[in-house]
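In: below is the structure, and that's it, no one-letter string:
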């Protein structure tokens, strides 16, 4: 079993260090799930056979002694490192994930962020890998309870009947989980990767194997060797051929999972072709023995080292991380895991006290970041006020790049606006109708409007429509509405093209394809039916949507059809060309925080960061004078260089959305486009 653990942790670590070389190394996690299912179920079955029941407190106490000391140590070290050495722009996300990891709900937090359009671009945190450990802990919490209930339901039956009931319980759970995995993965692959229901079947297959541990014992050693080699081959093929673009887990995960089942079932056969001698070598057993600790330490090093070093990892740094991970893994196993697991004092402690201390430690660690976050909130409040106080000058924000010659050093990485504040300076605005934001949520088609400016007797009424790349101009439109006595009615749905075409989809959100189409048609009709609306401002993210159900990138004709509907109803249309992406699609504030003296590493070339924009192309090619393009590229870029901080204002709140502060400085330029 240690050899299988060694294989699993090696392919995971190599995948994280060289993701383009071992593209499917993430399947190592699936190997761990099967191993856990087998070992834990076998242990519980032995206890059930010996005592007739399962002591839940003793089981959970053993798990706590085995797993929590090392994991809490790693989380504590990451927390201290974050606060002591990392820019505070990282604090909020990372401390939140440290708390979720300490409470073993990290997988659900990542699943939520994966489907939250504005959180999907979060940078990887140093505890992101705790999602799999969280899932395992949830398995340890639920699995013995289910077995106890199944045993109680058959307590007056024969041993054979009890076995059938227990196995049937596993079968029902496994089949249900696998079906859920296939369906969920096909509909919402981003979240399906992390959630417990889509992964439980992998534990179940390992658990089923625990009922028949001698399945192949009576077979020849040669046959068992073939089965073992085939199992290892299935895992290896998965590691080298699978890619992150695949819909996973789903049915595809059967390959590494069944491969692992085959290896466990074959045992350690003695024959000429058996892999047992190789995997029995001391280095292999050593790596397997410390695999848990290696897994804990390697990912924080991969994430934190390049930030502290202010450069991407090179081959030498990666090899050093590999060596340090093994060293830390050995130290952690020897002086933390084994110390708590074998300590006579800890072993003599009553299970309920072990559980109480474990829970208290997890809660304390999860809560300890609160002080740092409160400190960050105070800093952000000061930065917000300082930014507001400094925003009245003629060289603040977009005005500085327009008058680059008249403004001293418009691209200096200085100013009162801090990267940490920029991350919070987003377009989340309270919805007067009671919703979370002024937008229609995923899976919904009902229109949610917000009204800005003069809502009773406006000089004019403007509709603002699009996805989150329209919504991030709200601060600008709000300023224009206030200054000019306008009324602005918003129509927002993140990750939705708005054309109303049934065949257009955002590939990572196939579940929202029809709701998006319905919302698009409903929003268009609502705008058309409102005679007070004279202008529609439209903006969408470029190169995100695909037509013909994903077969090709969306074409301008899809938007032309929508614009023609508006102009036929007497509306003018202004399409804002999408803004440039950040350098390497990295988080803008994090980049500025990591490079406080010079924003050059955070700049990018317009020729690289400006992508094809079908909506803007449709407007530019329109022969209707009522349709215009507002190209704000010059408010982001000069001489083919696009900047992350302009006139003291930070442009981006993440990798592709504007801060409210910079958006407000764009108001005069959007107004000029409307006036044209």
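Out: That came in fine, so what should we check first? Predicted, not measured: the structure shown is a model, and the values here were computed from it. Residues are numbered from 1 along each chain as shown.

In: drop to CA atoms for contacts and neighbour counts, all remaining ones
Out: Will do.

In: let me see the backbone angles for residue 462.
Out: phi -120, psi 140 (degrees, to the nearest 10).

In: my read is residue 380 is in a helix, agree?
Out: Yes: under DSSP: H, G, I helix; E, B strand; the rest coil, residue 380 sits within a helix.

In: mind starting the numbering at 50 from now?
Out: OK, 50 is where the count begins now, so the last one is residue 429.

In: pretty sure it sits against residue 468.
Out: No: using CA atoms under 8 Å, residue 429 is not in contact with residue 468; the gap is 9.3 Å.

In: more neighbours: these two, which one.
Out: Between residue 429 and residue 468, counting by other CA atoms under 10 Å, residue 468 is the more crowded of the two (29 against 21).

In: quick one: the closest residue to that one other than its chain neighbours and residue 458, what's the gap?
Out: With sequence-adjacent residues excluded and distances taken as CA to CA, 6 or more residues apart in numbering, residue 468 is closest to residue 638, at 4.5 Å. To residue 458, residue 638 is 20 Å away according to CA to CA, to the nearest Å.

In: looking at these two, which is more packed in?
Out: Set residue 638 next to residue 458 and count neighbours by other CA under 10 Å: residue 638 wins out with 27 against 16.

In: what strand or helix carries that one?
Out: In the assignment (DSSP states H and E), residue 638 maps to helix 637-643.

In: so which bits of that helix are buried?
Out: Buried residues in helix 637-643, counting neighbours by 16 or more other CA atoms under 10 Å, are found at 637, 638, 639, 640, 641, 642, 643.

In: could you list the low-pLDDT ranges of this protein?
Out: 164-171, 208, 262-268, 477-485 (pLDDT under 70).

In: give me the distance between the residue most central in space within it and residue 157.
Out: Most central in the chain under CA atoms, centre = their mean is residue 163, positioned 4.3 Å from the mean C-alpha point. The spacing between residue 163 and residue 157, counted by CA to CA, is 10 Å.

In: wait, what's in contact with residue 256?
Out: Residues near residue 256 by CA atoms under 8 Å, 6 or more residues apart in numbering: 83, 86, 87, 88, 89, 90, 91, 219.

In: separation between it and residue 698?
Out: Residue 256 is 56 Å from residue 698, where distance means CA to CA.

In: residue 491 too?
Out: 31 Å.

In: nearest spatial neighbour of residue 131, skipping sequence neighbours?
Out: Of all residues not flanking residue 131 in the chain, residue 140 sits nearest, at 6.8 Å (CA to CA, 6+ apart).

In: related to what we said a few turns ago, for the residue nearest to residue 468, what are its contacts?
Out: 138, 468, 469, 471, 472, 699, 701, 702, 703.

In: out of the residues you listed, which is most surrounded?
Out: Result: residue 699 is most packed of those (other CA under 10 Å), 31 neighbours.

In: pretty sure that one is touching residue 471, no?
Out: Yes: Residue 699 lies in contact with residue 471 (CA under 8 Å); the separation is 6.5 Å.

In: what touches both of those two?
Out: 638, 708.

In: list the buried residues in the helix or strand containing residue 190.
Out: For residue 190, the enclosing helix or strand under DSSP H and E is helix 179-202. Applying a neighbour-count criterion of 16+ other CA under 10 Å, one finds 179-186, 188-189, 192-193, 196-197, 199-200 buried in helix 179-202.

In: closest one of these to residue 359?
Out: Within those, the smallest distance to residue 359 is 24.8 Å, found for residue 179 (CA to CA).

In: ramachandran angles for residue 691?
Out: Taking degrees, to the nearest 10 as the convention, residue 691 sits at phi -110, psi 140.

In: how many residues are close by it?
Out: 28.

In: from what I see, residue 447 and residue 710 are in contact.
Out: No: here residue 447 does not reach residue 710: they are 10.1 Å apart, not a contact under CA under 8 Å.

In: nearest spatial neighbour of residue 492, chain-adjacent residues omitted?
Out: Nearest non-adjacent residue to residue 492, counting by CA to CA, 6+ apart: residue 561, 5.1 Å away.

In: does the one you found sit in a helix, a strand or a coil?
Out: Under three-state DSSP, residue 561 comes out as helix.

In: verify the stated contact: it with residue 491.
Out: Yes: counting by CA under 8 Å, residue 561 sits close enough to residue 491 to count as a contact (6.2 Å).

In: hang on, the residue nearest to residue 131 is in a helix, isn't it?
Out: Yes: Residue 140: assigned to a helix according to three-state DSSP.

In: and it, how many neighbours?
Out: The local packing of residue 140 (other CA under 10 Å) involves 19 other residues.

In: residues touching it, list them.
Out: Counted by CA under 8 Å, 6+ apart, residue 140 has contacts 131, 132, 421, 422, 425.

In: measure it to residue 697 for me?
Out: Distance, residue 140 to residue 697, by CA to CA: 22 Å.

In: got it, and residue 715?
Out: Separation of residue 715 from residue 697 (CA to CA): 14 Å.

In: and the two? Which one has more around it.
Out: More neighbours surround residue 697 than the other of residue 715 and residue 697, with 26 against 22 (other CA under 10 Å).

In: rewinding a little: out of the contacts of residue 140, name the ones that lie in strands.
Out: Using DSSP state E, no member of the contacts of residue 140 falls within strands.

In: okay if I get the residues you listed as JSON lines plus distance to residue 304 and neighbour count?
Out: Formatted as JSON lines, the contacts of residue 140 follow (distance: CA to CA, whole Å; neighbours: other CA atoms under 10 Å):
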{"residue": "131", "distance to residue 304": "38", "neighbour count": "19"}
{"residue": "132", "distance to residue 304": "42", "neighbour count": "17"}
{"residue": "421", "distance to residue 304": "44", "neighbour count": "17"}
{"residue": "422", "distance to residue 304": "43", "neighbour count": "18"}
{"residue": "425", "distance to residue 304": "46", "neighbour count": "18"}
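
In: relative to residue 609, which of those residues is nearest.
Out: Nearest to residue 609 among the contacts of residue 140, with distances taken as CA to CA, is residue 425, at 46.0 Å.

In: now the nearest residue to that closest one once chain neighbours are set aside: phi and psi?
Out: Leaving aside its sequence neighbours, residue 425 sits nearest to residue 137 (CA to CA, 6+ apart; 7.1 Å). With angles defined as degrees, to the nearest 10, residue 137 sits at phi -70, psi -10.

In: who's in contact with residue 137?
Out: Per CA under 8 Å, 6+ apart, neighbours of residue 137: 425, 469, 642.

In: for residue 634, see how far away the last one is.
Out: As judged by CA to CA, residue 642 and residue 634 stand 16 Å apart.

In: hmm, back to that, residue contacts, the residue nearest to residue 492?
Out: Residue 561 touches 491, 492, 493, 554, counting by CA under 8 Å, 6+ apart.

In: now swap in residue 121 and tell me
Out: Residue 121 touches 151, 410, 411, 414, counting by CA under 8 Å, 6+ apart.

In: what does residue 326 give?
Out: Taking CA under 8 Å, 6+ apart, one finds nothing in contact with residue 326.

In: quick check: it vs residue 334, distance?
Out: With the distance defined as CA to CA, residue 326 ends up 11 Å from residue 334.
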